[in-house]
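J.: Please work out how this folds:
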Amino acid sequence: MTDNSRENLKEKTKKGLYWSFFNQFANYGMQFCVGIVMARLLSPSDYGITALPAVFMSVAWIFQNGGLSDALIRKKNLKEEDLSTVFYYSIAIGIVLYLMLFISAPWIAGFYEIPILIPLIRVTALSFLWGPLNTVQNVILKRRLDFKTQTKVSIYTKFFSAFIGITLAYNGYGVWALVASGVLSSILGLLLNWYVVKWYPTTRWSKDSFRYIWGFGNKIMLASLIDTIYYNFTPLFIAKFYTPVQLGLYNRAYGYAMMPSQNISATLQGVTYAALSKMQDDKEALARNYRKMLRVTAFIVFPMMMMLAALSRPLVITIITVKWEDCIILLQILCFSMMWYPIHSINLNLLQVMGRSDLTLRLEIIKKLVGIFVLAMTLTHGLAIFCYGAVVSSLFSLVINTYYTGKLINVGFYKQLGDLMPILILSLFVFIVIYISNLFMTNMLIQIIVGAIVGGLVYLGGALLLNLKELDEVKYMLTRNK
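T.: Sure, this is the predicted structure:
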């Protein structure tokens with residue numbers, strides 16, 4: 001890779017990260033604000049009921065994508081027949097999945113003894129009939145590192161979803177407000193994607209293309225399937241062993257803990273995978289940029305999660321009222337688990353960039369076996385103990401995920417931990433400072449304002465004192481391109 005091409009890739013990556021971050025934070029802001037309104041209008045039971053269809057939808061989406069999108073993004077010489085083949089596959093699988101969910105809806109509702117799940121699942125699953133039409137458009141935009149267009153489409157659809165959801169919730173439609181907003185916004189997203197990327201299949205199905213793409217993508221699909229099923233086991237078991245109210249409380253806590261972590265992870269995963277794939281043949285550059293991405297990610301995510309943990313109580317009670325008070329302790333614990341989520345994602349990204357989707361699958365199997373053991377040991381002892389188990393599982397996953405990155409590019413657990421330790425210690429110090437300062441204030445709104453300001457100043461001051469280079473990287477990302 002020449003110096004000019006490196007610089008060009010750096011600028012494209014910068015633009016991609018800028019727009020992807022803007023997309024995620026705009027979505028995060030809207031999602032957070034809409035979540036406040038919806039939580040005030042709806043009950044924990046409503047959230048608990050709608051969490052169940054979401055479980056089955058998440059699993060089904062994995063089958064529809066099949067890891068083929070990742071294969072298309074990574075492929076060096078992408079042909080028209082590759083795009084058309086994935087397009088036809090996605091449509092066929094989408095139809096099969098909808099029929100399966102439509103038929104199985106009464107059995108699912110009977111198992112949980114919640115009759116309304118029948119229409120909820122059947123309506124929610126409609127998105128599988130038109131969702132595949134977005135697959136190729138999204139691949140094309142990611143290969144171009146054109147995250148600006150994706151950001152615009154995403155923001156339009158989120159505004160539309162918020163308007164529909166809040167309007168229906170205000171008019172007393174309950175759980176249907178959550179379902180309808182998701183289904184209708186997916187239709188708008190489809191229309192906008194086809195408007196900005198005017199692609200349609202021009203060739204037939206190619207057996208050779210499918211064999212190549214499936215050979216890479218099927219292992220990613222299985223790894224994603226294991227990961228999705230594992231994380232969605234929780235609401236399934238909580239719904240069976242506890243009440244819909246407790247499921248709703250856990251779902252809210254998990255949702256708030258995942259919101260900053262998952263949004264940043266989604267941003268970095270999309271951009272870094274496309275960018276790192278372009279330097280897959282240069283291991284030295286790959287390792288150097290990989291470590292930089294890890295540090296910058298931690299520099300952003302760790303303090304956010306620690307501030308959220310420290311301010312959980314005043315945030316929950318002030319924003320979504322005291323009826324959600326029981327989710328506070330769950331949210332605080334889960335923040336210590338979810339802070340590692342983006343680090344896990346980037347580690348797994350590296351394996352896919354290197355073409356080792358088989359290792360991704362192997363790691364997921366090992367991690368989930370341990371996770372299931374932890375789940376079995378903790379779930380019946382209460383939700384707080386279960387959340388502590390999630391922290392243990394997350395730390396174990398860090399050790400496992402870094403094993404093969406150490407083998408492939410010599411950036412293993414100890415090297416990564418050495419890179420991240422100053423940021424981790426500084427973030428934990430921010431948590432302690434905010435937590436102690438809140439003890440001297442009774443007004444919760446004041447706690448939020450003062451805690452956020454003090455935490456931000458302590459973190460930035462500490463970063464300058466420790467001379468953390470990641471601060472310069474963030475400044476670079478925020479500057480305008482020449």
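J.: which residues does Leu439 contact?
T.: Listed by CB atoms under 8 Å, 6 or more residues apart in numbering, Leu439 has no contact partners. Any C-beta I mention is one placed from the backbone N, CA and C, and that applies to glycine too.
J.: what's the spacing between it and Val374?
T.: Leu439 sits 32 Å away from Val374, going by CB to CB, to the nearest Å.
J.: again, but for Gln246
T.: With CB to CB as the criterion, Gln246 and Val374 are 19 Å apart.
J.: Looking at these two now, which is surrounded by more residues?
T.: Between Gln246 and Val374, counting by other CB atoms under 10 Å, Gln246 is the more crowded of the two (20 against 17).
J.: helix or strand for Tyr195, which one?
T.: helix 175-196 (DSSP states H and E).
J.: so how far is that helix off the chain centroid?
T.: Taking CA atoms, centre = their mean, to the nearest Å, one finds the center of helix 175-196 at 19 Å from the center of the full chain.
J.: Tell me the buried residues in that helix?
T.: Within helix 175-196, the residues scored as buried using 16 or more other CB atoms under 10 Å are 175-186, 188-190, 192-193.
J.: do stretch 91-98 as well
T.: 91, 93-94, 97-98.
J.: Output whatever helix or strand Ser345 lives in as PDB, restricted to C-alpha atoms.
T.: Using DSSP H and E, Ser345 maps to helix 341-353. The C-alpha coordinates for helix 341-353 follow below in PDB (Å, rounded to 0.1, in the frame of the first residue of the first chain):
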ATOM      1  CA  TYR A 341     -18.600  -4.900  24.400                       C
ATOM      2  CA  PRO A 342     -16.900  -2.700  21.800                       C
ATOM      3  CA  ILE A 343     -13.500  -4.200  22.700                       C
ATOM      4  CA  HIS A 344     -14.900  -7.700  22.100                       C
ATOM      5  CA  SER A 345     -16.300  -6.600  18.700                       C
ATOM      6  CA  ILE A 346     -13.100  -5.100  17.400                       C
ATOM      7  CA  ASN A 347     -11.200  -8.300  18.400                       C
ATOM      8  CA  LEU A 348     -13.600 -10.500  16.500                       C
ATOM      9  CA  ASN A 349     -13.500  -8.000  13.600                       C
ATOM     10  CA  LEU A 350      -9.800  -8.700  13.300                       C
ATOM     11  CA  LEU A 351     -10.300 -12.400  12.800                       C
ATOM     12  CA  GLN A 352     -12.800 -11.800  10.000                       C
ATOM     13  CA  VAL A 353     -10.500  -9.300   8.300                       C
END
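J.: who does it touch, helix- and strand-wise?
T.: Helix 341-353 is packed against helix 68-74, helix 244-277, helix 283-310, helix 357-378, helix 383-409, with contacts defined by 3 or more CB pairs under 8 Å, 6 or more residues apart in numbering; DSSP states H and E.
J.: could you dump these to TSV with distance to Arg211 and mean pLDDT?
T.: What follows is the helices and strands packed on helix 341-353, written out as TSV (distance: least, CB to CB, whole Å; pLDDT from 0 to 100):
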stretch	distance to Arg211	mean pLDDT
helix 68-74	11	74
helix 244-277	20	72
helix 283-310	27	85
helix 357-378	15	82
helix 383-409	25	86
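J.: which one of the ones you listed lies closest to Ile333?
T.: Smallest distance to Ile333 across the helices and strands packed on helix 341-353 (CB to CB): 3.9 Å, for helix 383-409.
J.: Output the lowest mean pLDDT helix or strand found in this structure.
T.: When each helix and strand of the chain is scored by mean pLDDT, DSSP states H and E, helix 3-41 comes last, with a mean of 58.
J.: Name the nearest residue to the residue nearest the centre of the chain, ignoring sequence neighbours.
T.: With distances taken as CA atoms, centre = their mean, the residue of the chain nearest its centroid is Gln262 (3.3 Å). Leaving aside its sequence neighbours, Gln262 sits nearest to Tyr341 (CB to CB, 6 or more residues apart in numbering; 6.5 Å).
J.: Any idea how many residues pack against the one you found?
T.: 19.
J.: Could you report the pLDDT at it?
T.: The per-residue pLDDT reported for Tyr341 equals 84.
J.: what's the distance between the nearest residue to Ala309 once chain neighbours are set aside and Pro314?
T.: Excluding its sequence neighbours, the residue lying closest to Ala309 (CB to CB, 6+ apart) is Cys335, at 3.8 Å. According to CB to CB, Cys335 and Pro314 sit 15 Å apart.
J.: Comparing the two, which residue is more hemmed in?
T.: Cys335 (26 against 20).
J.: give me every residue that touches that one.
T.: 257, 305-306, 308-309, 312.
J.: Please produce CSV containing the residues you listed, extended by neighbour count.
T.: Converted to CSV, the contacts of Cys335 look like this (neighbours: other CB atoms under 10 Å):
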residue, neighbour count
Ala257, 27
Met305, 25
Met306, 26
Leu308, 22
Ala309, 22
Ser312, 22
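J.: which one among those gets closest to Thr228?
T.: Nearest to Thr228 among these is Ala257, at 17.4 Å by CB to CB.
J.: residues in contact with the closest one?
T.: So Ala257 contacts 305, 308, 331, 334-335, 337-338 (CB under 8 Å, 6+ apart).
J.: now Ile238
T.: By CB under 8 Å, 6+ apart, the neighbours of Ile238 are 246-247, 250, 379, 383.
J.: now the angle between helix 341-353 and the host helix or strand of it, please.
T.: Element membership of Ile238, judged by DSSP H and E, is helix 207-241. Orientation of helix 207-241 against helix 341-353 (axes from the mean of the first three to the mean of the last three CA atoms, to 10 degrees) gives an angle of 160 degrees.
J.: Quick check: mean pLDDT of helix 207-241?
T.: For helix 207-241, mean pLDDT is 74.
J.: how far is that helix from where the chain is centred?
T.: 15 Å.
J.: How about stretch 434-447?
T.: Chain-centre distance of stretch 434-447: 31 Å, with CA atoms, centre = their mean.
J.: end-to-end on that stretch?
T.: End-to-end distance of stretch 434-447 (CA to CA, to the nearest Å): 9 Å.
J.: That one: which residues count as buried?
T.: Result for stretch 434-447 [16+ other CB under 10 Å]: buried residues 434-435, 437-438, 444, 447.
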